[in-house]
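Visitor: Here is a sequence together with a model predicted from it:
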Protein chains: 2
Amino acid sequence: MSENPGPAQGPELTGDALLKVLTALGNPHRMRIVAALSDGRDYVSRLARELAIGRPLLHMHLQRLEAAGLVRGELELSEGGKAMKFFELTPFCYALTPEVVARAARTLTDEGKDDKGKDTEKNTMKETAK
Amino acid sequence: MSENPGPAQGPELTGDALLKVLTALGNPHRMRIVAALSDGRDYVSRLARELAIGRPLLHMHLQRLEAAGLVRGELELSEGGKAMKFFELTPFCYALTPEVVARAARTLTDEGKDDKGKDTEKNTMKETAK
DNA sequence: GACATGTGTCAGGTTTCTTTGACACGTGTT
DNA sequence: AACACGTGTCAAAGAAACCTGACACATGTC
């Protein structure tokens, strides 16, 4: 939907990034979240009802997906003034082949396991809601 | 590197199958195994030395990769008569997009988690919403 | 026989992931 | 105020994944 430049991360794909995507997608709930979000954006509480899972749980899964760059959340205000966090899919596109995996594997770092060091600069939220 | 025919499993891809692939690939060791195997086939003990991990551990990882259909092992006899298990890559090719994941997610079964399978039973959780 | 190589499996400890039930805020409505 | 709805977080339990050090079995060589 909407304008979206071609994602197509052909050339460079770090092992840590791919690993994060794979572990993010490698979970039944998170796959279902992607499926639900493919029908359009939605906010957390409603999504939780839809998927019949707890809000804290969904929150964690969404966080994981967002950290992998697969979904994107945005806090908005409804007419009523209530803060609602809407999530929508990122139009990702990864080609999973032996060559891609092999190439990515060579750039794997131990840091990847806990994502520190390199701050990707994307620091969403941290409550500006005052 | 032999040439691979077009795998391209476009039409049918069950959620359980994709999930298995994703969880299989979503691990640093297994990614490195794929990388090592992309240089050509190898047998377990040598691979373990190469990757500097224990044999039992490698054995488990290879099993996981094989269960996902990403590698294939074959027991052969060397000249000496020793039994050696050679592993080689399967030329897989998965396109990872929101649509593919969404579609696969709809065919996810609870059985997938432990691979029991042949049950024609539709066991759609007994979860009662709170 | 003792050794080095290959195979596989098992029990167990460690770590990480998953899940749940509180709790602490906000808001608008009854 | 009490309620219904939204947001987020936390601690702790439970489950699953990961890893290691044995052990078993083969074979060929010193």
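Guide: Done, it's in.
Visitor: Mind jotting down where the strands sit in chain A?
Guide: Shown for chain A, the strands assigned by DSSP state E span residues A:42-43, A:71-77, A:83-89, A:94-96.
Visitor: Describe which strands the second one pairs with in its sheet and in which direction.
Guide: This points to strand A:71-77. Looking at strand A:71-77 with DSSP bridges, its partner strands are strand A:83-89 (antiparallel).
Visitor: low pLDDT regions in chain A?
Guide: Residue ranges of chain A with pLDDT under 70: A:1-11, A:113-130.
Visitor: residue with max distance from the center of it?
Guide: What lies farthest from the middle of chain A is A:Gly80; by Cα atoms, centre = their mean that is 27.8 Å.
Visitor: contacting residues for that one?
Guide: By Cβ atoms under 8 Å, 6 or more residues apart in numbering or on different chains, the contact set of A:Gly80 is empty. All C-beta atoms are positioned from the backbone trio N, CA, C, and that covers glycine.
Visitor: mind putting the strands of chain A in JSON lines, distance to DNA strand C and mean neighbour count included?
Guide: Below are the strands of chain A laid out as JSON lines (distance: least, Cβ to the nearest atom of the strand, whole Å; neighbours: other Cβ atoms under 10 Å in any protein chain shown):
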{"stretch": "strand A:42-43", "distance to DNA strand C": "12", "mean neighbour count": "19"}
{"stretch": "strand A:71-77", "distance to DNA strand C": "9", "mean neighbour count": "15"}
{"stretch": "strand A:83-89", "distance to DNA strand C": "7", "mean neighbour count": "17"}
{"stretch": "strand A:94-96", "distance to DNA strand C": "18", "mean neighbour count": "19"}
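Visitor: okay, now A:Arg46: neighbour count?
Guide: Using other Cβ atoms under 10 Å in any protein chain shown, A:Arg46 is surrounded by 12 other residues.
Visitor: And the one 10 residues further on, by the same measure?
Guide: A:Pro56 sits with 9 neighbouring residues when counted by other Cβ under 10 Å.
Visitor: Would you mind measuring from it to A:Ala48?
Guide: Applying Cβ to Cβ, to the nearest Å, the value for A:Pro56 to A:Ala48 is 9 Å.
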